[in-house]
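> could you work out the structure for the sequence below:
(chains A and B)
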Amino acid sequence: MAYILAMVLYIGYLAFRKKAIGVVATTVTIAGFLSQTIAILLRWKEFYDIGQMGWLRAIPLTNLYESLIFFVWCLILAYLVIEFKYKNRSFGAFITPVAALVLAFIDISGMSKNIQPLVPALQSNWLLAHVTMSFISYSMFAVSFSTGLMYLIVKTEKRNEPAYIFWTVMLSIFIIVLCALGLDYLTFKLSVKSQEELIKSYLFKATFRNSSSAVSLLSWAVSAALTFVIWRFGGALRKIITGFNISAETLDEITYKSIAMGFPIFTLGGLIFGAIWADQAWGKYWTWDPKETWSLITWFFYAFYLHSRLMRGWRGKKVAMVAVLGFVAVIFTYLGVNLLLSGLHSYGSQ
Amino acid sequence: MEKEKNKSFIDRVWDLFASVKLAVVIFSVIALTSMVGTVIEQNVEPEKNLTVLAKLFGESAAPTLYSILDKLGFMNMYHSWWFVTLLLLFAMNLIVCSLDRLPRILKLVREPIRPLSEEHIEKMSIRRTVPFKGKPSGLREEAASAIRKIGFRPSESETEKGLQFYAEKGSFTRLGVYITHLSILIILAGAIIGLYFGFNAYLNLPEGQTTSVAYKDRGAEVPLGFEVRCDNFEVDYYGDSDMPKAYKSWLTVFKNGKEVMNKVISVNDPLTYEGITFYQSSFGTVPDSMDRGVVVLTVVSKDGKSEQVNTRVGGAFTIPGTSETGKITNFSPALSFDQAGRPYTYDQNLLNPAIFVEFSSPDGKPFSGWILQRYPQTWNLPDGGRVEFRSFWGVQYTGLQVRKDPGVLIVYLGCIIMAIGLYITFFMSHRRLWVSLAEEKGTARILIGASANRNRASFEKDIEKLAGLLGEARKGGK
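Residues are numbered from 1 along each chain as shown, chains lettered A, B, ... in the order given. This next block holds a predicted model:
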């Protein structure tokens, strides 16, 4: 997909600071975005044709594959808005990798791309409102994650600072997971029937969970080395970002604004609409099902973020760390719960 | 002396509950403990969680760990005393925080905007100056209408050097946070009401049966106060697959022996009577009941005479207007054919019911075959007649979720208030502006100062527009 190319281009833009590369990167992103929009609309139409339901209910957001695609779409849209509003391309190097990571994950997991008929519980108009709003907020949170991480990179100076260690570790985990998924994909180009099979047999099998303990050990060693390298030379990354005229204040502002947008949307679409729908479909508005509980945990994370800004001595780095961790909770709410825990919400895994 | 000490202690507790710090601590504790609760499955048999614990901490540690966690209430933690206490602390924190800050904020909100000195206006975060010639009073009308054009209602006052307009909008938006907090309390109150005055139960009701009770998790009966009968239950499938597309139950409610309500319910479309709601949640086959099933057929002769037939497996029927008879000699709840074309039953549940009918007539050749409910093409007979297999009735049950929750409306009310509160808090702002028209030593200028507590960029655009309008007014005044 175009986004992987865009990621490379944005990083190239950051590294070489050539305007031309930046323009190409933006063009590629827009082209990718448009083609994805068309693909989503086509799928919507196809779903509508076979499902014989209202077109509102036929929105292609009913399994993990479709929802991930939609997430990437929202994210790129949010990014393009920021790029044009703040006239700065450097964020691209941090946001397109998220999109690329998600798409790589879709591909490696070989999850079912078929259009599946809807189970009765999902046949409701709440599907559209609940799921789209949840994903719009997820993409806002993804933006805040990226800018929060950049803020930390710009703001930290000493290598023994907790915030510095925090961002180097987060960044290297991010890169390691990306690489490990890529290697998995290159090693096993096959489609997997169920999520459970994926987790048990293929995820990280090419690296950390390799049957040969030497390879597994090597993967861990490489990861540790990478973390160390990032830790050691993090200052260089800071110089690159600061060289791009983004002030830490702008980053902090974008982080805050995207959470201030995402939080109400998440509360309304994710929690409140979810509760109303659950009340209609399951007969309870709140069941402490793992998905609901994790949404609540995510909600508390961001409530924590919004409140901690009010506390003395918490503005700045500590708050940015909370924003970054909040997105980790989002990822777990969205993917971890479906893949690892069972519950009523397990539609995506079928 | 004693009293003062007491007071200071109460003050300290009050301050603790009024602090944002406590809120943040409570957020973290609730979030962290909730995480544990999602890993340990709630309200299930001990074996399940024992295996989870064994996987995480090793076989030997699992049983001890389990008993410790069990004693601490982790196996049903969202209803355990300490989790409820946490939620109550959260509520207390919210109440005290609001009571602590609300009077001050209310006073601020009620306080009207006042004129400011030029030095103060110059310190505002948004500033514009427009020079002009002439007397400030000459621009009075123009200035006031320009301010009205950007949506503000200006007040006016005389100053030493000229005059000043000032206006504000969205003063109340500073209450948005408190509205949001209040909504959380309302939702918690609704949840508590539901917990104490409502119930959650389930009911598996076979077709044709009536009940006046539902059952709680541990099998305890809950009287409904009326009777419910399941008249019929049906499943629609997607194409040839066994994946249900929709399922519905025909329910009838009786009060004191009289029929009072009738509704077809399906997933996402429940029935409510006297505050008790019945949700379609599952379905199944009553074990060992196949011999009790009623075969419901519509039998049509080749010249179009039709007749409804209720019979059983082993029973027989006549095609109307003829002496041709059919005898049901075999039945399968879920019929399929193997590669060689031999019929077999692939499931004991009623997925694809089929009857085997042997036809005979005095003047024709006898014939026989399988008739499948889900496949109308199997209904046609070689002689032009038709046997429509309508239903195999009386062996399926409908799984209903039964709930009474008087708190649910309060929870919804809280949700609506929360949506409004969040909208005010995050998407509206308190905007103030001052426009001073001053003349000193022959030079005159318009000074605009403005501030917004949120979304400054868009307010800045409004101020830009205002400066533009005033600039035009100045030219018009010449």
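
> what about the closest residue to B:Ser368 other than its chain neighbours, which helix or strand?
Sequence neighbours aside, B:Glu358 is the residue nearest to B:Ser368 in space, at 4.2 Å (criterion: Cβ to Cβ, 6 or more residues apart in numbering or on different chains). C-beta coordinates here come from the backbone N, C-alpha and C atoms, glycine included. B:Glu358 belongs to strand B:354-360 when assigned by DSSP states H and E.

> and that strand, what's buried?
Neighbour counts over strand B:354-360 (16 or more other Cβ atoms under 10 Å in any protein chain shown) mark B:Ala354, B:Ile355, B:Phe356, B:Val357, B:Phe359 as buried.

> stretch B:69-79 close to chain A?
Yes: judged by Cβ under 8 Å from any Cβ of the partner chain, stretch B:69-79 comes into contact with chain A at B:Tyr78.

> closest one of the buried residues of strand B:354-360 to chain A?
When these are compared for distance to chain A (Cβ to the nearest Cβ), B:Ala354 wins out at 23.3 Å.

> just to check, that closest one is in contact with B:Ile328?
No: B:Ala354 is not in contact with B:Ile328 according to Cβ atoms under 8 Å; the separation is 10.5 Å.

> run a quick neighbour tally on B:Ser28.
As a burial measure, B:Ser28 scores 13 neighbours (other Cβ atoms under 10 Å in any protein chain shown).

> swap that for A:Pro60, sorry
By other Cβ under 10 Å, the residues close to A:Pro60 number 21.

> likewise A:Ser258?
A:Ser258: 24 surrounding residues under other Cβ under 10 Å.

> got a list of what it touches?
A:Ala78, A:Met140, A:Phe141, A:Val143, A:Ser144, A:Thr147 (Cβ atoms under 8 Å, 6 or more residues apart in numbering or on different chains).

> is it in a helix, a strand, or coil?
Remark: A:Ser258 carries the secondary structure label helix [criterion: DSSP: H, G, I helix; E, B strand; the rest coil].

> just the pLDDT for residue 187.
By default, I'm working from chain A. Per-residue confidence (pLDDT) for A:Thr187: 67.

> chain B, not that one
B:Ile187 is assigned 91 on the pLDDT scale.

> neighbouring strands for the longest strand along chain B, and are they parallel or not?
Secondary structure of chain B per DSSP state E: the longest strand is strand B:221-237. Using DSSP bridges, the strands paired with strand B:221-237 are strand B:210-215 (antiparallel), strand B:244-255 (antiparallel).

> reformat the ones you listed as JSON lines; add mean neighbour count.
Formatted as JSON lines, those follow (neighbours: other Cβ atoms under 10 Å in any protein chain shown):
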{"stretch": "strand B:210-215", "mean neighbour count": "16"}
{"stretch": "strand B:244-255", "mean neighbour count": "18"}
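
> of these, which is nearest A:Ala104?
strand B:244-255 (34.3 Å; Cβ to Cβ).

> name the surrounding residues that touch the helix or strand that the closest one is followed by.
Later in the chain than strand B:244-255, the nearest helix or strand by DSSP H and E is strand B:258-266. Here strand B:258-266 makes contact (Cβ under 8 Å, 6+ apart) with A:120, B:226, B:246-254, B:271, B:273, B:278-280.
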